[in-house]
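Here is my input, please return the structure:
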Amino acid sequence: MKTIRVWDVQSWDGGERHNHDFYLNYESTTEEQLKIYDKHGCFIDRTLIIVEQLSEIPELRKEKIRQRALAKLNAQERQALGLE
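Okay, the predicted model is just below:
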């Protein structure tokens, strides 16, 4: 499993929507550079998860559930559980 941070570059269709064009490497491109490329475009910072084998998916799901559960805890609850 790999995690990749990218820019989702979208172009304006002239109406109410933006349509996906391509992904760009996040580290090599700044938002200012993207705005020069297309002043009406939409640039979204995304994190893609690349799974190489289907057997990795159950573990990935468990991790996502764990992250959501931890996000619901306040600082005192995290400390009481020994997470901080």
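
which non-adjacent residue is nearest the residue positioned nearest the centre of the chain?
The C-alpha lying nearest the average C-alpha coordinate of the chain belongs to residue 47 (Cα atoms, centre = their mean; 2.6 Å). Distances taken as Cβ to Cβ, 6 or more residues apart in numbering put residue 5 closest to residue 47, at 5.4 Å, once the chain neighbours are dropped. Every C-beta, even on glycine, is put in place using the N, C-alpha and C of the backbone.

The one you found: neighbouring residues, count only.
11 (other Cβ atoms under 10 Å).

For whichever strand or helix holds it, list every residue counted as buried.
Element membership of residue 5, judged by DSSP states H and E, is strand 2-12. Neighbour counts over strand 2-12 (16 or more other Cβ atoms under 10 Å) mark 6-11 as buried.

and residue 18, backbone torsions?
Main-chain dihedrals, residue 18, degrees, to the nearest 10: phi -120, psi 140.

now it: how far from residue 36?
Using Cβ to Cβ, to the nearest Å, residue 18 is found at 17 Å from residue 36.

Ok, residue 12 next?
In terms of Cβ to Cβ, residue 12 sits 15 Å off from residue 36.

what do you get for residue 83?
Residue 83 is 43 Å from residue 36, by Cβ to Cβ.

What pLDDT is listed against the residue nearest to residue 2 when sequence neighbours are not counted?
In this structure, residue 2 finds its nearest non-sequential neighbour in residue 50, 4.4 Å apart by Cβ to Cβ, 6+ apart. pLDDT for residue 50: 90.

My read is that residue 50 contacts residue 1, right?
Yes: in this structure, residue 50 is within contact of residue 1 by Cβ atoms under 8 Å, at 6.8 Å.
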